Every structure is written in structure tokens, then in C-alpha cells.
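Colleague: Pasting a predicted model and its sequence here:
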Amino acid sequence: MAEQLTDKPPVEQLSADAVSELLAVVDAPKPKKYIRPFADAGERLMDWLVNDENRFMFGLPQVDAMTRGVGRGELCYVIGKPHSGKTQVVLQAINNAGPSAKVLFFTPDEVDVLVLTKLIAINRGINVEDLEHKLKVQDPAAMRMVREVAGTTFKNLFVVDRPLTFEQMSKALREAE
């Protein structure tokens, strides 16, 4: 026999709505940290294909066709032998993405000023040596161009030009956000 612990009478009958609410809470799936229903992949796939403007494309037709670009929150790790064109591919992609693209570029073997020099050459179609010469003699047009490309054309580009651990990269990403 159950003891009554309060002065209130036991609930004899719950309404159908109350029972449904209780069952919904009991049957509600617990949030998962690492897994999700595979059906969600279908929705993400359709969104991925329909909203390709939200993807960072490399501007290389074969690569873009195979990868469908890089999406928000995705990490793209470009690897290869030294001097094999990794930086050039990424800089071409950054140039193709345009000023609205928000890019965090980790490049431990290229200092930010060299990245900027190469981007100016790609973006403006000029020779790096010519640009460097004009800057050495303080050519006003070249100086304006550098300021425009760094401050306007690629205003959403963040370059981290030193080696970082994955934890430090995560912190840099949070700073960039």
C-alpha cells in the first residue's frame, strides 16, 4: 500500500492532452554530441546543391566539380610538396571568391606581406617585380592600389602567417568570427 506524502489527493485521471505532453517528453530524443539522424544528410545535401553561392569555390572547374567548393564551417587543408603551387591555388581561389568572401588563411610558410603582394599581382594582373619596384620609389598609384586591395578588395581576409596547433587555430577562428 502506497503512503500519501502530501495533503493533496492523488491525481486520479490525467487529461488526454496532459498524457500526450508527458509521453512526448519521455519519448523525446536526447540531443547527441557526435551523431545525428542520417535523414538530416538529405536536407543538408539539397541545401548544399541549391545554395552553391554560399560555398567557397576554387575557380578550377575540375576541382570545383569534384569538391563542390568549401562550405561555411568546413576546413580545407591543401597539402603538397614545397613549391608545388599550394599557395598559388589558394590565392587564386581567394581572388575568385571576391570581396564578400570571409576567409581565414593559415599559411605558416608565407608571411602576410608576401600573400598580399601575390594577391595584388593576381587581382590586378601585374608583375610582382614591377609592383615592388613602384613601391620602392613610392609611386602614389601603386601605394593607392596596395591600400585598396588590402583594405577593400580583401577586407574579409585574415592571414595567420605562423605555425599554430589545432587548439590555437580554433582560437584564431573564434577571433575571426
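Modeller: The structure has been received and is ready for your questions.
Colleague: Can you show me the helices along the chain?
Modeller: 16-27, 39-50, 61-67, 86-97, 112-124, 128-136, 140-148, 166-176 (DSSP state H).
Colleague: Could you save these as JSON lines and add columns showing mean pLDDT?
Modeller: JSON lines is the format used below for the helices of the chain (pLDDT from 0 to 100):
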{"stretch": "helix 16-27", "mean pLDDT": "69"}
{"stretch": "helix 39-50", "mean pLDDT": "80"}
{"stretch": "helix 61-67", "mean pLDDT": "84"}
{"stretch": "helix 86-97", "mean pLDDT": "90"}
{"stretch": "helix 112-124", "mean pLDDT": "94"}
{"stretch": "helix 128-136", "mean pLDDT": "94"}
{"stretch": "helix 140-148", "mean pLDDT": "95"}
{"stretch": "helix 166-176", "mean pLDDT": "90"}
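Colleague: closest to Val103 out of the ones you listed?
Modeller: Each of these was scored for nearness to Val103 using C-beta to C-beta, and the closest is helix 86-97 (5.6 Å). All C-beta spots, glycine's among them, are computed from the backbone N, C-alpha and C.
Colleague: tilt between that closest one and helix 112-124?
Modeller: On the basis of axes from the mean of the first three to the mean of the last three C-alpha atoms, to 10 degrees, helix 86-97 is oriented at 50 degrees to helix 112-124.
Colleague: As CSV, could you dump the C-alpha coordinates of helix 86-97?
Modeller: Output in CSV follows, covering the C-alpha atoms of helix 86-97 (Å, rounded to 0.1, in the frame of the first residue of the first chain):
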residue,chain,number,x,y,z
LYS,A,86,49.6,25.2,-53.0
THR,A,87,49.7,28.9,-52.1
GLN,A,88,49.1,29.9,-55.7
VAL,A,89,45.9,27.7,-55.8
VAL,A,90,44.6,29.1,-52.6
LEU,A,91,45.3,32.7,-53.5
GLN,A,92,43.6,32.2,-56.9
ALA,A,93,40.6,30.8,-55.1
ILE,A,94,40.6,33.8,-52.7
ASN,A,95,40.8,36.2,-55.6
ASN,A,96,37.9,34.3,-57.4
ALA,A,97,35.8,34.5,-54.3
